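Enquirer: for reference, the sequence and a predicted model appear below.
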Amino acid sequence: MEKHIDHKSIQQKFLQLKALGAGEFAHLNGSLETHLKGTYQLLSCWNASQHVCDAGLFHAAYGTDGFEESMLSLDERQKVGSIIGEEAEQIVYLYCACDRTYVFDGIILNQPIVFKDRFTKNEFTLSEQQAHQFCELTVANELDIAMHSPTFIAQHGEALQKLFLRMSSYLSQAAKVEINTLLGPVTGHHS
């Protein structure tokens, strides 16, 4: 059973993000606001926790390794936490701090994920819960883009299939179904 998506609550939280100074940014498929809301909605449809859904709505707040535009500075983490809660803010920070090349290249199926913080350069192993939250958010982010762009799928679909296969032990069944629906089954041998 799918969760009811409270569009009013999403809009209120996003307006609070804008009030902190988050401007309107262009994104691959239009506006960043549309993408952030789409990521939230995917996570909600997958019955992710409210913390993970709220992290999806704010997942690019401090910029990411793939989207350098920063809506807010790291000095504003406490303000973000006051809107979406400390646990959701920690997920947002983790997502924004990810050194994608280091982390994604190092993910091995059924192994703990070694994380590198691109802000602090610290390396550590994600807990089981952190790995699940990080992977689920990563998949929702990429699939929201893929849903609206056949070009994105043509350019990145195969690489995403391989990455998501290596993340699969941390993904919900709903996320796996969405991956198969949008990107098709993974083929070939992967390490």
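Expert: That came in fine, so what should we check first?
Enquirer: so residue 65 is in contact with residue 116, correct?
Expert: No - judged on C-beta atoms under 8 Å, residue 65 makes no contact with residue 116 at a distance of 10.0 Å. Every C-beta, even on glycine, is put in place using the N, C-alpha and C of the backbone.
Enquirer: between the two, which contacts overlap?
Expert: 98-99 (C-beta atoms under 8 Å, 6 or more residues apart in numbering).
Enquirer: show me the contacts for the most centrally placed residue in the chain.
Expert: Central residue of the chain (C-alpha atoms, centre = their mean): residue 137, 3.1 Å from the mean position. Residue 137 makes contact with 39, 43, 52, 55-56, 59, 91, 95 under the criterion C-beta under 8 Å, 6+ apart.
Enquirer: what strand or helix carries it?
Expert: Take DSSP states H and E as the rule and residue 137 turns out to sit in helix 128-147.
Enquirer: helices and strands of this protein: which one bottoms out on pLDDT?
Expert: Lowest mean confidence among the helices and strands of the chain (mean pLDDT, DSSP states H and E): strand 26-27, at a mean of 46.
Enquirer: where does the chain dip in pLDDT?
Expert: Confidence mapping of the chain against pLDDT under 70 gives the ranges 1-8, 10, 17-18, 20-31, 68-69, 185-191.
Enquirer: residue boundaries of the strands in it?
Expert: 26-27, 30-31, 114-116, 123-125 (DSSP state E).
Enquirer: in this structure, which spans are helices?
Expert: Using DSSP state H, the helices of the chain run over residues 7-19, 32-45, 50-57, 77-84, 86-97, 100-106, 128-147, 150-167, 173-183.
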